[in-house]
Structure formats: C-alpha cells, structure tokens
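*Asks:* Whatever this is, show me its structure:
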Amino acid sequence: MTDPREAVEQQLAAYNSHDIDAFAATYAEEVVVRRRNGSRLQGRQALRDSYAPLFAEGRCRAEILGRLSEGDWVVDHELAHGLADEPIRVLVAYRVREGLIDRVDFLT
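*Replies:* This next block holds a predicted model:
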C-alpha cells in the first residue's frame, strides 16, 4: 500500500510540472473535489477538463508551507502561485485510498 503522503507528493510534482496526464493519474476514477467557491468536481475526467487549461498556461505552481497526515488523510498548507495576482494561501485536505486520491477538500 502506498503511503498517502507519497500519492499527494506525486500529485504536487505533476501539478508543478504542468503534466496533466501524471496529475490525473494520481486521482481515483470517481474522485470528488470540493472547491473553495463551494462548487464540486466529480470524476477524473472532470478534474482533467478543469485543470488542463490552467496547465496549458504554465503559470500555476504550489509550494508546501506545512503538511500533516493521519491515516488516509493528508492536509497541506499551500501557497498557490499563478492563480491570482498575488499568491493565495490555502488548506487542502486529500484522502488517499488504494494509492489514489479519492477526495479533495479545499478548506480555505
């Protein structure tokens, strides 16, 4: 079984290198993403469709300011660059099951 932190770290590396295929591969087919604005993404294809344009711009990257993990959960305190004029601080909770991220909650 993959350590949940490893799956989240692989996802982060793919995000920062703008590799949509590697990024999507870290997520379960039926992943649910609860976004900061209250909207939801459901499914790997919806996630891919949402992130592909952002990756194509090549501006996004995330820097980890802190990380906690317990059981299936990893919570990152991130500084997200390229999404707005100034970096955005976010808390993101990832649930990892069977080596894939199956739930993401943007907490701030």
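
*Asks:* Mind giving me the packing neighbours of the helix or strand in which residue 53 is found?
*Replies:* Element membership for residue 53, per DSSP states H and E: helix 44-57. Helix 44-57 sits against helix 20-25, strand 27-34, with contacts defined as 3 or more C-beta pairs under 8 Å, 6 or more residues apart in numbering; DSSP states H and E. Quick note: C-beta positions are derived from backbone N, CA and C, even for glycine.

*Asks:* closest to residue 53 out of the ones you listed?
*Replies:* helix 20-25 (9.8 Å; C-beta to C-beta).

*Asks:* what pLDDT does residue 2 get?
*Replies:* Note on residue 2: pLDDT of 74.

*Asks:* That one: how many residues sit nearby?
*Replies:* Look at residue 2: counted by other C-beta atoms under 10 Å, it has 11 neighbours.

*Asks:* shouldn't it be in contact with residue 96?
*Replies:* Yes. With contact defined as C-beta atoms under 8 Å, residue 2 counts as touching residue 96 (7.3 Å).

*Asks:* Roughly how far does residue 18 sit from residue 34?
*Replies:* 23 Å (C-beta to C-beta, to the nearest Å).

*Asks:* before we move on, what about residue 103?
*Replies:* Separation of residue 103 from residue 34 (C-beta to C-beta): 8 Å.

*Asks:* Low-confidence ranges, this structure, go.
*Replies:* 1 (pLDDT under 70).

*Asks:* picking up where we left off before, using a markdown table, lay out the helices and strands packed on helix 44-57 together with mean neighbour count.
*Replies:* Output for these, formatted as a markdown table (neighbours: other C-beta atoms under 10 Å):
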| stretch | mean neighbour count |
| --- | --- |
| helix 20-25 | 16 |
| strand 27-34 | 17 |
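
*Asks:* what would those look like in JSON lines with distance to residue 7?
*Replies:* As requested, those are arranged in JSON lines below (distance: least, C-beta to C-beta, whole Å):
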{"stretch": "helix 20-25", "distance to residue 7": "10"}
{"stretch": "strand 27-34", "distance to residue 7": "9"}
